[in-house]
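# Predicted model follows, preceded by the sequence.
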Amino acid sequence: MKFKIFAILIPLLFLFSTIEIQAHDTQSARIAGADRFEVAVNVSKKGWPQSADTLILSNYLAYADALSASPLAYKLNAPILLTQPQKLTGTTKKEITRLKPKKVIIIGGTGSISDEVANEVKKMGVSIERISGKNRFEVAYRISKKLSNNGKAILAYGMNFPDALAIAPFAAKQEIPILLTLSNKLPVDTQKALHEKKINKTYIVGGEGSINKKVENVLPAPLRIGGKNRFEVASNIIRELDLPTKHVFLSTGMTFADALTGSVLAAKQNAPMLLTLSDRLPVESKELIYDKNINNFTILGGTGSVGNKVIEIPHRWEITEPAGTSLQGYASATSAFAGDAINLFIHSTQSYKIEIFRMGYYDGEGAKLVHTIKDLPVSLQSFSTDIGTMKANWIPTVSLRLNESWQSGVYLAKLTNTGQKESYITFVVKDKHPQSQIGVLISTNTYQAYNNWGGKSLYGYNSTNNEAAVKLSFDRPYNNGRGSGEFFAYEYNMIRWMEKKGYRMTYFTDTDVDNGLLSDVSTKLLLIPGHDEYWTKAMRDSIQKETSSRMNLAVFNANVAYWQVRLQDKDRVMVGYKYRASEDPYVKINPKEVTTKFRNGPVNRPEYEVLGFMYQGIPEQKQQPLVISNPSHWLYEGTDLKKGDKIKGVVGGEIDRYDGEMPGVEVLAASPVRLYGEDSMAHVIWYKKPDGGKVFATGTFYWNWFLDSFGHESFAKPNKHIERMTINALSKLLEE
C-alpha cells in the first residue's frame, strides 16, 4: 500500500541524462610580463595580433591622466601602451613597430610624456596627437569630447584609480565617458563635460567616502555603485549593471597599470574586471565568484601582482538558502569507486545546476569543486512512497561516471535552482587500490536511522504518530543536514583536521564494510569519526576480526556499535526492529541477526568486546569538562596537563564508560556526569587487545569540535591539548 502526497508523470527521456565528469571546471589564463610595460605589450599582442591603426600611449606612473582613456581606446580599437616620461621604453617601441599604427595618441601633457618621446615616435613614421590639460579633470573632459553623445557619463573619484578602472570595460563597451571629480566638489571641467554632452544619466562609482552627497546632489539622475572598499565596488559594478560573467578579467587592485592596459581587451571580449590582492582573493571578489559561478578568468600581470594562490579560485559549497522539498535528491549508492557510475535522483520545481565538491580542509576553504553541471531542466518527481520503507519511487535524473582522478573522500553534490535555493546529495568515492594508512568509516547507517523523509525514521520522536519504522529505504533524500545526513555533525570536523595535518586516508561507508571491504584493504588504522550507532552483523564480525591484531581502531565519538541492523534488497533497505525485536522474524530463523542492541539477547555481543567500553547514556548537562585522570600516560606527552585539570565543554551529547569488563583497558580521562538522576563517569580509554590490536576511544560526541570547530563555533574552539592528545594517539596507532 502507498500513500500519495502528489504525483506528476514525467517522460523518462526528458529526465535522464548521462554526464561524464572532468577533473576540474575552473579555467584561467595569465597575461604576464617582466614589468608593466611588457604586460601592456602582451595584452596588445593578445588583442591585436596583426596590427592596429591607432594606439594610445600613457605614462606608466601617471594613472590620473590615463583613467579616462579606455572608452576612447575601445572606440578606436586601439591598445594602450605604457612608456617612461622622458624616453620611449624599449619593449613599447618594439610593439609600436610590430603594430604599424598610423597614429599614436599621447595622453597627458609634456610633464607626463615629453616632446622627446613624441619626437621619437614621429621618427618611426607615425603621426602624433596629444590630449592634454592643465590637470586630470581637464584631460578627462577633453577625452570625453571625442566620444559619442549618448546622454550617459560615469563619475569617478579623481584622486585614486581603482573605481574608475573597475568600471572601465563597461564604460568602453558602452562608449560612456569617464569623468573625474573631487570628493566634495565638482570640478569646472567636469561640469562643462556634463553640460556640453547633455548628460541625463550619471553612474557614480565609489562610496560616499570617495564622492560625497554634496556632489551627488548636483548630478543628473545619479545611480551610485558603492562599496566599503575597492574590491566591493568592483564586485557591485558587475552585480548592479548585470554584466556578463562567463569570462572575467582579474587584476591587482593595488596598482593601476595592468587594469588600465587590460581594460580595452576586456571590453573587446565582453568581460568585466574584478580586483584582487596580490596574495589572496578578497572576500568581496570571492562572494561574487561564488554567486555568479564564475570559472573562466584572464589574470592580468605576473605572480608578483596576482599570486598563483589567487588563481586557485575557491567555490562556495555552504548552503545559505535551504530549498526544502522544492529541490531534493539522493544517490543510487552510498559509495562508488572512482571510474564507476552513480545515479542521482533529483526533484526540482525550477531549472538548476549541480556543483560537486570533495570535502576536506583545502587551506581553510573546506572543499574543492571538481565539476559543475549547468542548466539542468525542471525535474518533477512523484512523492508517492512505499509505506513500509519510505522509498521514493523516483526516476534517475543524472548519471555520473566518476572521473578516475577523483581522490577518495566524502563528496557533496550541491543543487542550486534558479531561485538560489540549495540542497545536498552525499556520496563517498572509494579507492580501488588504497595505499593510505588510515581508513575512514562514514556512518551511513546512522544517517538513515535518523532520517525521517517521507514521515518515518527508526525513532518515534520524529516519525508520524510517534511510531518508528522498522524498515527504511536508502532510496530517498536525507531530511537532515540539508540533504547531507549526519555528515556535518562530527565527521566533517575530524576530516578537515586530519587533512589539514596531512594524514593520508581512504574512505568507505557502513555498506562497504558490510560487504567485506575491510578485509581487502591494507590500512593500518580504522578511524570512526562519527556517531556510528548502527552496525550489521557482518560489520561487527569484520571490524572485530580485523582490529583484533591486523588493524588498530580509533573511535572519536560515542555510542558506537550499539544497535544491530540488517541490510536487504541489494543493500538499499535497512531493517531495525529495535525495541520491537520480539517481532523480528529472525528471532525464529536466525537469532544472531535479530535487530536489537548488540548487548542484548539473543545476540549477546556487548560493545566492549570490540571497543573496550560501552555506551551509558545522555548526560543531563549539555557540555561538561574533560577531566584528566592519568597525566603520566604517553597520551599527554607535549601537554602540561596535571591530574584533575579540566578542558571545558568536551564531554557531552552521549557518553561511554569502562566498568572493568575487559582486561587491558586504561582509563586516561574520567569526567563526572549526571545520567538519569545519578552520578556517573565518561571515560577516554586506551585498550590493548589480547592479540595485539590497539584501540583509542574518546567516549564523547564533542571531541572533534575541539580539533576543528567549523559549524559548531558557539560550542567549541580548537584546543591545543585535545590536538596534542589526538596526534599522540594517532602516532601510537600508526606505529609499525
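In hand now; what should we look at? Residues are numbered from 1 along each chain as shown.

# tell me the pLDDT at Arg36?
Note for Arg36: predicted pLDDT of 96.

# give me phi/psi at the closest residue to it other than its chain neighbours?
Nearest non-adjacent residue to Arg36, counting by C-beta to C-beta, 6 or more residues apart in numbering: Ala257, 3.9 Å away. In this view, the C-beta of every residue, glycine as well, is placed from N, C-alpha and C. Main-chain torsions, Ala257, degrees, to the nearest 10: phi -60, psi -50.

# list the contacts for Ala257?
36, 39-40, 60, 63, 82 (C-beta atoms under 8 Å, 6 or more residues apart in numbering).

# Return the subset of these lying in helices.
Using DSSP state H, the members of the contacts of Ala257 that fall within helices are 36, 39-40, 63.

# Could I get those residues in a markdown table, plus columns for neighbour count and distance to Ser112?
Listed next are those as a markdown table, based on neighbours: other C-beta atoms under 10 Å; distance: C-beta to C-beta, whole Å:
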| residue | neighbour count | distance to Ser112 |
| --- | --- | --- |
| Arg36 | 21 | 15 |
| Val39 | 25 | 19 |
| Ala40 | 30 | 16 |
| Tyr63 | 20 | 10 |
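
# Can you give me the neighbour number for Gly207?
Around Gly207 there are 20 other residues, counting by other C-beta atoms under 10 Å.

# surely it meets Val233?
Yes: at 7.3 Å, Gly207 counts as touching Val233 under the criterion of C-beta atoms under 8 Å.

# which two in the contacts of Ala257 are spaced the farthest apart?
Val39 and Tyr63 (14.7 Å; C-beta to C-beta).

# Count the neighbours of the residue lying closest to Leu275 once chain neighbours are set aside for me.
Of all residues not flanking Leu275 in the chain, Gly253 sits nearest, at 3.2 Å (C-beta to C-beta, 6+ apart). Look at Gly253: counted by other C-beta under 10 Å, it has 25 neighbours.

# Gly253 is in contact with Pro162, isn't it?
Yes: counting by C-beta under 8 Å, Pro162 is a contact partner of Gly253 at 5.2 Å.

# quick one, longest helix in this structure?
Ranking each helix of the chain by length (DSSP H) puts helix 720-733 first.

# which residues of the stretch 451-600 of the chain fall in strands?
Remark: strands assigned in the stretch 451-600 of the chain by DSSP state E, counting those that start in this stretch are 471-473, 505-509, 525-528, 534-536, 552-555, 563-568, 573-575.

# how about those strands, which one is nearest Leu194?
Of the strands of the stretch 451-600 of the chain, nearest to Leu194 by C-beta to C-beta is strand 505-509, at 63.0 Å.

# contacting residues around the host helix or strand of Ile56?
Take DSSP states H and E as the rule and Ile56 turns out to sit in strand 54-59. Residues from elsewhere that reach strand 54-59 (C-beta under 8 Å, 6+ apart): 44, 65-66, 69, 72-73, 76-85, 92, 96, 99, 101-108, 112-113, 117, 121, 260.

# Okay, now the sheet partners of that strand, with direction.
strand 80-83 (parallel), strand 103-107 (parallel) (DSSP bridges).

# Which positions in it come out as buried?
54-59 (16 or more other C-beta atoms under 10 Å).

# cool, and stretch 381-397?
Buried, per 16+ other C-beta under 10 Å, within stretch 381-397: 381-386, 389-397.

# Pick out the most distant pair among these.
Thr389 and Thr397 (20.8 Å).

# Would you mind checking which of the buried residues of stretch 381-397 is nearest to Ile342?
Once C-beta to C-beta is applied, the member of those that ends up nearest Ile342 is Pro396, at 10.0 Å.

# Just give me the neighbour total for Asp520.
Neighbours around Asp520, by other C-beta under 10 Å: 10.

# can you check Leu635 too?
The burial count for Leu635: 23, using other C-beta under 10 Å.

# contacting residues for it?
If you count contacts by C-beta under 8 Å, 6+ apart, then Leu635 has 668, 686, 725, 728-729 around it.

# Ranking by neighbours, what's the top pick from those residues?
Met725 (29 neighbours).

# And that residue, how far from Gln544?
26 Å (C-beta to C-beta, to the nearest Å).

# Show me the strands in the stretch 601-736 of the chain, by range?
Going by DSSP E, counting those that start in this stretch, the stretch 601-736 of the chain shows strands at 614-617, 623-627, 646-652, 655-657, 665-675, 678-688, 694-697.

# Is it possible to get a markdown table of those that adds distance to Ala561 and mean pLDDT?
A markdown table is the format used below for those (distance: least, C-beta to C-beta, whole Å; pLDDT from 0 to 100):
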| stretch | distance to Ala561 | mean pLDDT |
| --- | --- | --- |
| strand 614-617 | 9 | 98 |
| strand 623-627 | 22 | 97 |
| strand 646-652 | 20 | 98 |
| strand 655-657 | 11 | 98 |
| strand 665-675 | 16 | 98 |
| strand 678-688 | 14 | 98 |
| strand 694-697 | 11 | 98 |
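
# Adding distance to Asp475, write these out as TSV.
Below are the strands of the stretch 601-736 of the chain laid out as TSV (distance: least, C-beta to C-beta, whole Å):
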stretch	distance to Asp475
strand 614-617	30
strand 623-627	37
strand 646-652	34
strand 655-657	33
strand 665-675	37
strand 678-688	37
strand 694-697	33
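
# ok, back up a step: closest to Val215 among the contacts of Leu635?
When those are compared against Val215 (criterion: C-beta to C-beta), the nearest one is Met725, at 61.0 Å.

# and the strand holding Ile56, average pLDDT?
pLDDT averaged over strand 54-59 gives 97.
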